[in-house]
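**Q** Here is my input, please return the structure:
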Amino acid sequence: MADAKAGGVQPADFEKTLAQADTKVASFDERERSPIERIQHFLHSSPSAVPLLVLIASVAIFGVINGSKFFSPFALTLILQQVAIVGIIGSAQTLIILTAGIDLSVGAIMVLCSVVMGRFSINYGLPPAVGLAAGLTLGLACGAFNGFLVARIKLPPFIVTLGTWSIYSAANYIYAANETIRSQDIDAVAPVLHFFGQKIELGQANFTFAVILMIALAAFLWYVLNHTAWGRHVYAIGDDPEAARLSGINVDRMLITVYAVAGLICAVAGWVLIGRIGSVSPQGGQNANIESITAAVIGGTSLFGGRGSILGTVFGALIVGVFGLGLRLWGTDPQWTYLTVGALIIIAVATDQWIRKVSA
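**A** Presented below is the predicted three-dimensional model:
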């Protein structure tokens, strides 16, 4: 012991040297990120940030161009009314895209369920509650069937939903016999089908119950995705399904559940569609499939899965609505809206690719 104290390394000196070595290793492992990398990491962790900034900028730009016409309460609430269905369907689409899938049949499910609700309540004389229950159950079943083909049969989501889109669309026209149920007949027998088309007036602003539903649904799904195990499993499957399976997640059951929930949301959107157009038409909502994907992609949801948010999808739907109304008030040709939205889609996908580089 005496020799160690005389000529060896003191314990205190050894501990000091070890601490210095740990500090050097720690400083070696940590590399200071560049400003660009910090932006990439922030956008990766906050997928709704970009669409929110784009929404604010587009509102400001069209406000300057169109002045008071655009900033009037009526115009701003009109945008909300126009995008309510897209926001609801887009929420269903977002759930599926988060799992690295896609659903081309969401619009067909929505219209088919609306026709079932209408015919059960009007043509068959059943209580409206039975018609609504039948439509909601059908939507759940259609979504679960999509999920079964994807999860159990292991078919690609694009091919599966392309096929079921054709099946559900054909079933819609065959079942409806290409007949439209008029608004007057609905009001006389089942006015509850028009519930989501009713308006709440606050001064010059007009809010429909569909807008309130869209906001409530977005808030609910945001909470579920960010604060429940089910939501974390959805993100995990989209990020790496094999790693999710090894961690104990029942991937097949989760996929079926996600598609089923999406189908149920589409059925609710079918109820909203009746209130929006005032009638039950097998030809309604023709562009809902593309519009839902557009809202999700512009809203920052990655087509590769594992990254995105419901709030971003709502922002994406609002961006399309702002551009549509803003360009119409400006007096441009309607085709400019499609051109602008197409450019936004390409920019959104390019931005997603750029963000994914730093996360790899």
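**Q** Can you name the residues that contact residue 259?
**A** By Cβ atoms under 8 Å, 6 or more residues apart in numbering, the residues touching residue 259 are 96, 101, 103, 143, 144, 146, 147, 150. In short, each C-beta sits where N, CA and C put it, glycine included.
**Q** okay, the closest residue to residue 88 other than its chain neighbours: pLDDT?
**A** If the residues on either side of it in the chain are set aside, residue 88 comes closest to residue 269, at 4.5 Å by Cβ to Cβ, 6 or more residues apart in numbering. Listed pLDDT for residue 269 reads 97.
**Q** ok, residue 269 - contacts?
**A** Shown here is residue 269, whose contacts under the criterion Cβ under 8 Å, 6+ apart are 85, 88, 89, 92, 110, 285, 288.
**Q** Figure out how far the strand or helix carrying it is from the centre of its chain.
**A** Remark: residue 269 resides in helix 251-277, with elements defined by DSSP states H and E. Its chain's C-alpha centre lies 12 Å from the corresponding centre of helix 251-277 when counted by Cα atoms, centre = their mean, to the nearest Å.
**Q** Angles on the backbone of the nearest residue to residue 304 once chain neighbours are set aside, please.
**A** In space, residue 304 comes closest to residue 100 once its chain neighbours are excluded; the distance is 6.2 Å by Cβ to Cβ, 6+ apart. Main-chain dihedrals, residue 100, degrees, to the nearest 10: phi 70, psi 30.
**Q** Which residues are in contact with residue 100?
**A** Contacts here follow Cβ under 8 Å, 6+ apart; on that basis residue 100 touches 237, 238, 241, 304, 305, 306.
**Q** Now the buried members of the residues you listed.
**A** For these, a burial check counting by 16 or more other Cβ atoms under 10 Å picks out 237, 238, 241, 305, 306.
**Q** Now the strand or helix carrying the first one: buried residues?
**A** Residue 237 is located in helix 229-239, with elements delineated by DSSP H and E. Counting neighbours by 16+ other Cβ under 10 Å, one finds that the buried residues in helix 229-239 are 231, 233, 234, 235, 236, 237, 238, 239.
**Q** same check, this time on stretch 189-199
**A** Counting neighbours by 16+ other Cβ under 10 Å, stretch 189-199 gives 189, 190, 192, 193, 194, 195, 196, 197 as buried.
**Q** got those as JSON lines, with pLDDT columns?
**A** As requested, these are exported to JSON lines (pLDDT from 0 to 100):
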{"residue": "189", "pLDDT": "92"}
{"residue": "190", "pLDDT": "94"}
{"residue": "192", "pLDDT": "96"}
{"residue": "193", "pLDDT": "96"}
{"residue": "194", "pLDDT": "95"}
{"residue": "195", "pLDDT": "96"}
{"residue": "196", "pLDDT": "96"}
{"residue": "197", "pLDDT": "93"}
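**Q** Among these, which pair sits farthest apart?
**A** Maximum pairwise distance among those (Cβ to Cβ): 17.4 Å, between 189 and 196.
**Q** What separation do you get for the residue nearest to residue 88 and residue 275?
**A** Taking Cβ to Cβ, to the nearest Å as the measure, residue 269 falls 11 Å from residue 275.
**Q** which intervals of the stretch 1-150 of the chain have sub-threshold pLDDT?
**A** Scanning the stretch 1-150 of the chain with the threshold set as pLDDT under 70 gives 1-31, 40, 43-44.
**Q** before we move on, back to that, which of the contacts of residue 269 lies closest to residue 154?
**A** Distances from residue 154 to the contacts of residue 269, taken by Cβ to Cβ, are shortest for residue 92, at 22.4 Å.
**Q** May I have the residues that are in contact with that closest one?
**A** Taking Cβ under 8 Å, 6+ apart as the definition of contact, the neighbours of residue 92 are 103, 106, 261, 262, 263, 265, 266, 269, 292.
**Q** can you map out the helices along the stretch 251-360 of the chain?
**A** 251-277, 288-298, 310-330, 335-359 (DSSP state H, counting those that start in this stretch).
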